[in-house]
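Engineer: predicted coordinates and the sequence they were generated for:
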Amino acid sequence: MNKLFAILVLSLSFVGLSFGAVKEQTFTGEIMDSQCANMGSHDVMMKQEGAKDAKQCTTGCVKMGGRYVLFNATEKTIYQLDDQNKPAQFAGEKVTVKGKLGKDNKTIHVSSIQSGS
């Protein structure tokens with residue numbers, strides 16, 4: 001009987017863990033720098049810094065201490081990205097990011113980024 005009880009408890013534990021697991025999601029937006037995302041556009045920084053386009057603005061702002069983020073202009077949502085290497089090649093581009101949203105609901109644990117959204 002004790003063996004059966006132990007198996008039952010163990011089985012229920014695994015079921016509980018699977019319900020609590022965070023699932024991968026898909027997010028769309030622009031890979032932007034944190035400064036411009038907080039302002040909602042590149043306009044101010046492009047004028048100040050003389051950047052020609054969103055890519056140049058984003059990479060320049062990151063070099064000045066900003067971080068790559070995913071900015072969804074439609075929803076006015078900014079997501080922090082835990083991986084700062086993958087987004088570099090997509091700076092200033094509209095993308096689709098796949099990953100798990102952190103407990104803070106603001107950080108994406110990036111598994112992949114693809115151009116176009």
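Structural biologist: In hand now; what should we look at?
Engineer: need the three-state assignment for the nearest residue to Phe90 once chain neighbours are set aside.
Structural biologist: Leaving aside its sequence neighbours, Phe90 sits nearest to Ile31 (CB to CB, 6 or more residues apart in numbering; 4.4 Å). Where you see a C-beta, it was placed from the backbone N, CA and C, and this is true even at glycine. Following DSSP: H, G, I helix; E, B strand; the rest coil, Ile31 is assigned to strand.
Engineer: partner residues bridging Ile31?
Structural biologist: Leu70 (DSSP bridges).
Engineer: distance of it relative to Lys23?
Structural biologist: 23 Å (CB to CB, to the nearest Å).
Engineer: check contacts around the residue nearest to Phe90.
Structural biologist: 58, 68-70, 87, 90-93, 95, 113 (CB atoms under 8 Å, 6 or more residues apart in numbering).
Engineer: give me the subset of those residues lying in strands.
Structural biologist: Mapping the contacts of Ile31 onto strands (DSSP state E) picks out 68-70, 95, 113.
Engineer: export these to TSV and tack on pLDDT?
Structural biologist: Listed next are the ones in strands among the contacts of Ile31 as TSV, based on pLDDT from 0 to 100:
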residue	pLDDT
Tyr68	98
Val69	98
Leu70	98
Val95	98
Ile113	98
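Engineer: and which of the residues you listed is nearest Cys36?
Structural biologist: The nearest member of the ones in strands among the contacts of Ile31 to Cys36, counting by CB to CB, is Val69 at 9.1 Å.
Engineer: touching, that closest one and Asp82? I think so.
Structural biologist: No. Look at Val69 against Asp82 with CB atoms under 8 Å: they stay out of range, at 11.0 Å.
Engineer: follow-up on the earlier one: ok, of the ones in strands among the contacts of Ile31, which come out buried?
Structural biologist: 68-70, 95, 113 (16 or more other CB atoms under 10 Å).
Engineer: buried sites along stretch 101-109?
Structural biologist: Applying 16+ other CB under 10 Å to stretch 101-109 flags 101, 107-108 as buried.
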